[in-house]
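Kindly return the folded structure for what I paste below:
(one chain, ligands or ions: 1)
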Amino acid sequence: MTSPVLPGSIIGILGSGQLGRMIAIAARRMGYRIHTLSPESDSPTGHVADREVVAAYDDIEAVKRFAEDVDIITLEFENISADCVDAALLITPVRPKGSVLHTTQNRLREKTFLAEHGFPVAPFRHVKSSEELAAAVEEISTPAVLKTAGFGYDGKGQVKIETADDVADAWASMAGQEAVLEAFIDFELELSVVAVRGLDGDFVHYGTVENQHSRHILDITTAPADVSGAVNVTAVNLTRKVFEALDVVGVACVEYFLDREENLIINEIAPRVHNSGHFTFDACVTSQFEQQVRAVCGLPLGSTDQPRPAAMANLLGDLWENGEPDWATALAIPEVKLHLYGKQEARPGRKMGHLTAMADTREQAVERVVEARRGLVKR
Ligand code: AMP
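Got it, this is the predicted structure:
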């Protein structure tokens with residue numbers, strides 16, 4: 001039995017964005033110290049860390065020095081190379097393990113893994129040339145979505161194919177990268193399950209939540225989702241099986257499409273705390289961030305109880321277009337909480353923070369959070 005990494009120890013976080021910042025806040029509250037490593041300085045995680053190491057993820061010597069100074073390593077960013085994880089692992093435990101990252105950081109590997117393990121995914125084909133794309137479009141039929149196999153998030157690196165005439169342009173937009181063509185799902189809802197698995201295999205979850213996207217970026221999460229009990233149970237069971245198949249330790253999120261016949265289809269897996277779990281910071285007994293700390297440190301997992309419905313709205317850099325948003329107006333609405341990530345430059349589409357609202361019903365929670373966000377815009 002591995003002994004737990006106890007409070008007072010140093011947790012190293014690979015990545016230094018808002019996810020690391022919120023893990024660090026939860027960890028510090030429990031008495032841990034935090035080191036963070038990323039190529040950025042003055043970072044969201046660095047602001048609340050004991051030490052901010054600025055180095056490239058593939059700077060193996062820097063990663064080894066980082067590993068020597070900490071008791072355990074976790075991450076907030078899944079696109080860390082296997083070499084980097086392997087170098088760190090020779091010195092200190094890394095959770096989740098490198099194979100989880102390897103599978104989930106590439107859409108083709110992820111979808112192949114899911115399909116081989118019998119999980120429901122949209123029909124897909126691996127394409128390496130314009131000819132293969134034309135053949136795949138023929139097989140899968142249109143509409144379909146072409147996505148780069150490698151690094152991509154928030155809809156980056158993907159293009160919809162409406163008819164076979166779109167093939168040439170779609171392939172050109174991949175700029176020679178390997179790609180995956182998948183059937184377009186005419187979904188009713190986008191859902192996700194954020195869950196956590198401990199070192200001993202214990203599993204807890206936050207139930208099924210509903211996600212609305214705008215410009216391919218998460219806009220609003222509503223918890224719980226307005227789905228039948230059967231859909232919720234199926235989504236949670238699928239999530240548990242995905243965690244077991246991957247042998248995840250820590251928090252991860254499985255994103256789903258719910259089609260018009262109430263079938264769940266897995267879109268993707270994020271092997272880390274997730275934007276659709278941010279509401280847990282204010283709405284649940286134990287947040288996803290604290291669970292990450294507990295799980296990777298080998299401690300018992302906390303209660304995921306959520307006393308009241310909640311909704312989360314992302315705050316993108318666009319809100320700063322006319323100057324500093326009107327925080328006071330938003331915060332005057334009852335049960336609204338503000339989270340800002342400390343980013344200096346508010347670029348359009350950049351995640352700068354989020355609002356969470358709790359209420360008696362899910363509809364009221366959404367109304368409150370949307371009203372609060374509307375109040376931020378100066379007139
Ligand atoms: P992704 O980067 O794969 O998570 O995709 C970002 C968003 O694009 C998703 O949240 C969906 O709104 C949309 N999308 C991606 N793949 C599909 C698909 N196969 N069918 C329909 N919509 C999709």
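
Please identify the buried residues of the helix or strand encompassing residue 188?
Assigned by DSSP states H and E, residue 188 belongs to strand 187-197. Applying a neighbour-count criterion of 16 or more other C-beta atoms under 10 Å, one finds 189, 190, 191, 192, 193, 194, 195, 196, 197 buried in strand 187-197. Every residue, glycine included, has its C-beta placed from N, CA and C.

Direction included, what does that strand pair up with?
Here strand 187-197 is paired, per DSSP bridges, with strand 203-214 (antiparallel), strand 250-259 (antiparallel).

Can you tell me which of the buried residues of strand 187-197 is nearest residue 341?
residue 194 (18.7 Å; C-beta to C-beta).

The nearest residue to residue 316 once chain neighbours are set aside in helix, strand or coil?
Of all residues beyond its chain neighbours, the one nearest residue 316 is residue 349 (5.8 Å), with distances taken as C-beta to C-beta, 6 or more residues apart in numbering. At residue 349 the chain is in coil, as set by DSSP: H, G, I helix; E, B strand; the rest coil.

correct me, but residue 349 touches residue 218?
No - counting by C-beta atoms under 8 Å, residue 349 sits too far from residue 218 to count as a contact (11.7 Å).

ok, back up a step: list the contacts of the residue nearest to residue 316.
Applying C-beta atoms under 8 Å, 6 or more residues apart in numbering to residue 349 gives the contacts 215, 217, 316, 317, 318.

and what of residue 198?
Taking C-beta under 8 Å, 6+ apart, one finds 249, 294, 295, 298, 299, 300, 301 in contact with residue 198.

Of the residues you listed, which qualify as buried by neighbour count?
249, 294, 295, 298, 299, 301.

Turn those into TSV, columns for distance to the ligand, pLDDT and secondary structure.
Shown next, in TSV, are those (distance: C-beta to the nearest ligand atom, whole Å; pLDDT from 0 to 100; DSSP: H, G, I helix; E, B strand; the rest coil):
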residue	distance to the ligand	pLDDT	secondary structure
249	23	98	coil
294	27	98	helix
295	24	98	helix
298	31	98	coil
299	31	98	coil
301	27	98	coil
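
Can you name the residues of the stretch 201-350 of the chain sitting close to the ligand?
By C-beta under 6 Å from any ligand atom, the part of the stretch 201-350 of the chain that sits against the ligand consists of 213, 216, 267, 268.

Among these, find me the one that's closest to residue 372.
Out of these, the member with the shortest distance to residue 372 (by C-beta to C-beta) is residue 213, at 19.6 Å.

Low-confidence bits of this protein, can you list those?
1, 151-156, 379 (pLDDT under 70).

how about the strands in the stretch 1-150 of the chain?
10-14, 33-38, 51-54, 72-75, 124-127, 144-148 (DSSP state E, counting those that start in this stretch).

circling back to that earlier point, need the strands paired with strand 187-197 in CSV (columns: distance to residue 327).
Formatted as CSV, the strands paired with strand 187-197 follow (distance: least, C-beta to C-beta, whole Å):
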stretch, distance to residue 327
strand 203-214, 22
strand 250-259, 29
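
and the buried residues of strand 187-197, which two are the farthest apart?
Pairwise over the buried residues of strand 187-197, using C-beta to C-beta, the maximum falls at 189 and 197, 25.1 Å.

Please work out how many residues are found near the residue lying closest to residue 344 once chain neighbours are set aside.
Nearest non-adjacent residue to residue 344, counting by C-beta to C-beta, 6+ apart: residue 42, 7.1 Å away. Using other C-beta atoms under 10 Å, residue 42 has 12 other residues around it.

can you list the domains in this protein?
The chain breaks down into these domains under automatic domain parsing: 10-94, 123-183, 187-375.

so does the first one get close to the ligand?
No - applying C-beta under 6 Å from any ligand atom, one finds that domain 10-94 is not in contact with the ligand, the shortest distance being 12.9 Å.

end-to-end on that domain?
End-to-end distance for domain 10-94, by C-alpha to C-alpha, to the nearest Å: 13 Å.

what's the answer for the shortest one, then?
Taking C-alpha to C-alpha as the measure, domain 123-183 stretches 6 Å from start to finish.

sorry, back to before: sort out which of the residues of the stretch 201-350 of the chain next to the ligand are in strands and list them.
Counting by DSSP state E, those place 213, 267, 268 in strands.

Please identify the one among these that lies nearest to residue 307.
Checking these against residue 307 with C-beta to C-beta, the nearest one is residue 213 at 27.4 Å.

separation between that closest one and residue 109?
24 Å (C-beta to C-beta, to the nearest Å).

Farthest pair within the contacts of residue 198?
Longest span within these, C-beta to C-beta: 249 and 300, 13.6 Å.

wait, residue 2 sits on residue 199?
Yes - between residue 2 and residue 199 there is a contact at 6.3 Å, judged by C-beta under 8 Å.

Of the two, which one has the most company?
residue 199 (21 against 8).

ranges for the helices of the stretch 151-300 of the chain?
167-173, 229-246, 280-283, 288-296 (DSSP state H, counting those that start in this stretch).

Can you tell me which of those is packed in deepest?
Most buried of those, by mean neighbour count (mean count of other C-beta atoms under 10 Å): helix 288-296, with a mean of 27.

Okay, now the sheet partners of the following helix or strand past it, with direction.
Using DSSP H and E, the helix or strand that follows helix 288-296 in sequence is strand 310-316. Strand pairing for strand 310-316, determined by DSSP bridges: strand 217-223 (antiparallel), strand 351-358 (antiparallel).

Good, wrapping up.
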